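>>> I need the structure of the sequence given here:
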Amino acid sequence: MEPYIFELRFKVRDYECDMQGIVNNSVYQNYFEHTRHEYMASRGVNFADLFPKGIVPVVARITIDFKNSLRSGDTFTSRLYVKKDGVKFTFFQALYRDSDDKLCIKAKVDTVCVINGRLTKGEYFDELFKNDLQNQLIDPKI
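Next up, the predicted model:
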């Protein structure tokens, strides 16, 4: 069992599906991003308020594994946990279909923090995520 610390429920909308009747691959990144933003909001930070302060969280890399398709009307739960590795915060995210709790997609999202145009060690987010950070060593097999 993964050490998830946050989850958010969704429902697939018709316009998110492609001609095959399944969620278009690009839409999954929207689900993941919205989950990260809601996670931050649950920790007291509004993502939109960061940029005017010169704080820019940036996605550096995303690795996605597609397992099972979601279809229009499916409800699913987006889950995440976060680890720190040097200057990176890595979000491990997964979407589980509610009807059968099947893993549909998982992602590893590496992010960094730029403040006033300069890459930082992530101190701003160290404080924000301090109670949520798991074992600091990232499993290279993921």
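
>>> quick one: secondary structure of the residue lying farthest from the centre of the chain?
For the chain, the residue at maximal distance from the C-alpha centroid (CA atoms, centre = their mean) is residue 19, at 26.1 Å. Under DSSP: H, G, I helix; E, B strand; the rest coil, the three-state class of residue 19 is coil.

>>> Quick check on it: phi, psi?
Reported as degrees, to the nearest 10, the phi and psi values for residue 19 are phi -70, psi -20.

>>> Using PDB, list the CA coordinates for the longest helix seen in the chain.
Longest helix of the chain, by residue count under DSSP state H: helix 25-42. What follows is helix 25-42, C-alpha atoms only, in PDB (Å, rounded to 0.1, in the frame of the first residue of the first chain):
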ATOM      1  CA  ASN A  25      -4.200  11.000 -22.600                       C
ATOM      2  CA  SER A  26      -3.500  14.700 -22.200                       C
ATOM      3  CA  VAL A  27      -6.400  15.100 -19.800                       C
ATOM      4  CA  TYR A  28      -4.800  13.000 -17.100                       C
ATOM      5  CA  GLN A  29      -2.100  15.700 -16.600                       C
ATOM      6  CA  ASN A  30      -4.900  18.100 -15.900                       C
ATOM      7  CA  TYR A  31      -6.300  15.800 -13.200                       C
ATOM      8  CA  PHE A  32      -2.800  15.400 -11.700                       C
ATOM      9  CA  GLU A  33      -2.200  19.200 -11.700                       C
ATOM     10  CA  HIS A  34      -5.500  20.000 -10.200                       C
ATOM     11  CA  THR A  35      -4.900  17.500  -7.400                       C
ATOM     12  CA  ARG A  36      -1.500  19.000  -6.600                       C
ATOM     13  CA  HIS A  37      -3.100  22.500  -6.500                       C
ATOM     14  CA  GLU A  38      -5.900  21.300  -4.200                       C
ATOM     15  CA  TYR A  39      -3.300  19.600  -2.000                       C
ATOM     16  CA  MET A  40      -1.400  22.900  -1.700                       C
ATOM     17  CA  ALA A  41      -4.700  24.600  -0.900                       C
ATOM     18  CA  SER A  42      -5.400  22.100   1.800                       C
END
